[in-house]
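Asker: Okay, sequence plus prediction incoming.
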Amino acid sequence: MKKVSLDIWIQLLGMISIVASLIFVGLEMRQSQRIAIAGQQQGRAEITNNFVSTFLETGLDFQSIYFKRDIKQSLSVEDTAFRNAMHVMWFIFENDFYQYTQGLMGESTWKAKVAGIQIIYDYCEAREIYAVRAPIFAIEFRTVVESLPDKCTK
């Protein structure tokens, strides 16, 4: 059996170190990309929430104007505020779902978010808002929402 020199062992260790550091850098780049994409999603949710907030500030119902094109709405101030708030909450929960699926939110936090989703899903008077929004949600998010107990069908 031939004896391997110390020089060869040092070179091998150096090569293994380089490969390991390249793998580490690649994983870090992948995580940075996920965080950047999640930041973009967060930014879109914020822009949309600001958009809905302008409706709230002017006393207009986002649902009636944006989805139904009905500018002659006849809702009370309270109903308008409630409906606009429901839209904002759906934007927030949709964004939370994305953060969770990207591994940027812990399991216990996500479970708390699901409890919040259940609360607004149980507002039967706001189910119309979910129904209008559902087609533009990711199918995975709709699956989560629609797998919840539905007290409005009873």
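Answerer: That came in fine, so what should we check first?
Asker: Report the contact partners of Tyr123.
Answerer: By Cβ atoms under 8 Å, 6 or more residues apart in numbering, the contact set of Tyr123 is Met86. C-beta here means a position set from N, CA and C on the backbone, and glycine is covered the same way.
Asker: center of this structure - which residue?
Answerer: Asn95 (2.1 Å; Cα atoms, centre = their mean).
Asker: That one is in what secondary structure piece?
Answerer: helix 77-101 (DSSP states H and E).
Asker: and the helix or strand of the chain with the lowest mean pLDDT, what does it pack onto?
Answerer: Lowest by mean pLDDT, DSSP states H and E among the helices and strands of the chain is helix 62, with a mean of 71. Applying 3 or more Cβ pairs under 8 Å, 6 or more residues apart in numbering; DSSP states H and E, we find helix 62 packed against helix 6-58, helix 77-101.
Asker: Tell me which of these approaches Ala112 most closely.
Answerer: Distance to Ala112, taken as Cβ to Cβ, is lowest for helix 77-101 among the helices and strands packed on helix 62, at 9.6 Å.
Asker: Give me the contact list for the helix or strand immediately after that closest one in the chain.
Answerer: Sequence-wise, the next helix or strand downstream of helix 77-101 (DSSP H and E) is helix 107-121. For helix 107-121, contacts defined as Cβ under 8 Å, 6+ apart pick out 86, 89-90, 93, 96-97, 100, 105, 126-127, 130, 144-145, 148-150.
Asker: Make a PyMOL selection of whichever of these turn out to be buried.
Answerer: In PyMOL, this line selects whichever of the contacts of helix 107-121 come out buried by 16 or more other Cβ atoms under 10 Å:
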select buried, resi 86+89+90+93+96+97+100+105+126+127+130+144+145
